[in-house]
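*Asks:* Quick check, what structure comes out for this input:
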Amino acid sequence: MASTVSLGKETLLEDGMPPAKKPRKLLPSLKTKKPRELVLVIGTGISAAVAPQVPALKSWKGLIQALLDAAIDFDLLEDEESKRFQKCLHEDKNLVHVAHDLIQKLSPRTSNVRSTFFKDCLYEVFDDLESKMEDSGKQLLQSVLHLMENGALVLTTNFDNLLELYAAHQGKHLESLDLTDEKKVLEWAQEKRKLSVLHIHGVYTNPSGIVLHPAGYQNVLRNTEVMREIQKLYENKSFLFLGCGWTVDDTTFQALFLEAVKHKSDLEHFMLVRRGDVDEFKKLRENMLDKGIKVISYGEEYADLPEYFERLTSEIAMRGRTGVPKEGQQLNGSATAHAEIKANNAKASRQEPRRSTLPAFSSHS
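*Replies:* I've put the predicted structure just below:
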C-alpha cells in the first residue's frame, strides 16, 4: 500500500514522479545474523498490515469490540450487560480483565469449550481472513516464511493464523501450536518443529488453548524442562520483534522469556519500528536497551516496512546458505535471495484468494 507525499515541483522528476526514496541502511549486527540464530516475534502490527480491513487484528481493544459485537448479534448478552462492557471499553479499563469477563459471560455454566458460544464469536470475528489479505501484507508474510524455511523460529502474540493461511497458498504446511501442548512446545523450543508457529496467547481455531493471563497455562510454567528450553532461546538467540511495540510488557511474554533471564542488557535482540514521533522513538529505544533490545527504525511510514524487511530477509537468508560472504560475493548472493522472494510475492498476488474452510469445532489443535 504505497503512501503519497505532496512535493514541490522543483523536486519532481521529468516524468512528474517524485524521486525514489534512498533505501534505509541495514544494521550490520542484524543483517549478519543467520536465520537459525533468530526467533521472529510477530505482533499485532503485522496482522494489521496484512489485513487492515479487520479491526480485530489491530489491537486488544479492537478484538474485544469485535467479540462484543458478535455476542450482541447472536443475542448472547442482555442490554445491561452489553452497556456495561461498552462502558468498560470506552473508559479503557483493564482490557485483559474485560476480555476475561466477556469470555466467562459467553460460557457461564461450563468449562467445556465445545459447549460455549465463545468459539462461535471467534469464528465470526476471524471469518474468511484469506480474502482480506493485501499484497503488501503478503510481502511481509513471504519474508517471514522465507526465514522460517531457512531455520528461523517464529512465535506470535496474535490469535489469527494469517501466516499459516498464506503458507498453505504456497503449498507449504505450517503447524499452529499453543501452550496447552507441553510436548510440542518443548520440541519447538528444541528446534525440532521449525515449521510451526507458537501462539503464546493461543489461536482462534483452538478456543480451548486461548489464554489471557499466565494463570491460564500453569502446566507450562511448572514444567521446568520446558521453561528452561524456552528461556535458553532468549539467552542464546536473537529475537527480532516485528509489529510489536510494547510486547515485552505483555505478562505472558514476560513469564515465558524475561522473568528468569539474568543480565538481559548483555543480550542482543532487535525491534523494528516506525520512527514516527522522535521523542517516543527515543524513549522506546532507551527503555528497550535495558532488556537487551536494539530498537531500529525501518522508515517514517508504515508502508516502508515490507520493502525494508524484504531486503533484510534477503541478506540474512543468503548468509544462512553461504556463510559470511567474501568481498564481491555479497551482491550476487543477496540478489538471488531477493529475487526468490520477489518471485514468490508475484506468484501470491496472481493467485485468486479462496474462501477459507473453517475446521470443525474441536478442543484439539
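
*Asks:* How far does stretch 128-137 stretch from one end to the other?
*Replies:* The straight-line separation of the ends of stretch 128-137 (Cα to Cα, to the nearest Å) is 16 Å.

*Asks:* list the buried ones in that stretch?
*Replies:* Within stretch 128-137, the residues scored as buried using 16 or more other Cβ atoms under 10 Å are 129-130, 132-133, 136-137. In short, each C-beta sits where N, CA and C put it, glycine included.

*Asks:* neighbours of the residue nearest to Arg274 when sequence neighbours are not counted, just the number please.
*Replies:* Spatially, and ignoring its direct neighbours in sequence, Arg274 is nearest to Tyr302 (5.8 Å; Cβ to Cβ, 6 or more residues apart in numbering). A total of 18 residues lie near Tyr302 under the criterion other Cβ atoms under 10 Å.

*Asks:* ok, now Lys192?
*Replies:* Lys192 - counted by other Cβ under 10 Å - has 10 other residues nearby.

*Asks:* what's the answer for His263, then?
*Replies:* Using other Cβ under 10 Å, His263 is surrounded by 8 other residues.

*Asks:* how close does Phe309 sit to Tyr302?
*Replies:* 12 Å (Cβ to Cβ, to the nearest Å).

*Asks:* which residues touch Leu267?
*Replies:* Residues near Leu267 by Cβ atoms under 8 Å, 6 or more residues apart in numbering: 234-235, 261, 291-292.

*Asks:* Skipping its backbone neighbours, what lies nearest Gly151 in space?
*Replies:* Arg36 is the one closest to Gly151 (Cβ to Cβ, 6+ apart), at 3.4 Å.

*Asks:* which residues does Ile42 bridge with?
*Replies:* Thr156, Leu242 (DSSP bridges).

*Asks:* pretty sure it is touching Asn161, no?
*Replies:* No. Applying Cβ atoms under 8 Å, one finds Ile42 not in contact with Asn161, separated by 11.2 Å.

*Asks:* just to revisit the earlier point, do I have it right that the residue nearest to Gly151 meets Asn150?
*Replies:* Yes. With contacts counted by Cβ under 8 Å, Arg36 reaches Asn150, the gap being 7.5 Å.

*Asks:* Looking only at neighbour counts, state which of these two leads.
*Replies:* Using other Cβ under 10 Å as the criterion, Arg36 and Asn150 rank with Asn150 on top: 20 against 14.

*Asks:* quick revisit: secondary structure, pLDDT and distance to Phe74 for the buried residues of stretch 128-137 - can I get that in TSV?
*Replies:* Below are the buried residues of stretch 128-137 laid out as TSV (DSSP: H, G, I helix; E, B strand; the rest coil; pLDDT from 0 to 100; distance: Cβ to Cβ, whole Å):
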residue	secondary structure	pLDDT	distance to Phe74
Leu129	coil	93	20
Glu130	helix	91	23
Lys132	helix	93	21
Met133	coil	94	26
Ser136	helix	89	34
Gly137	helix	92	29
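
*Asks:* Sweet, I'm off.
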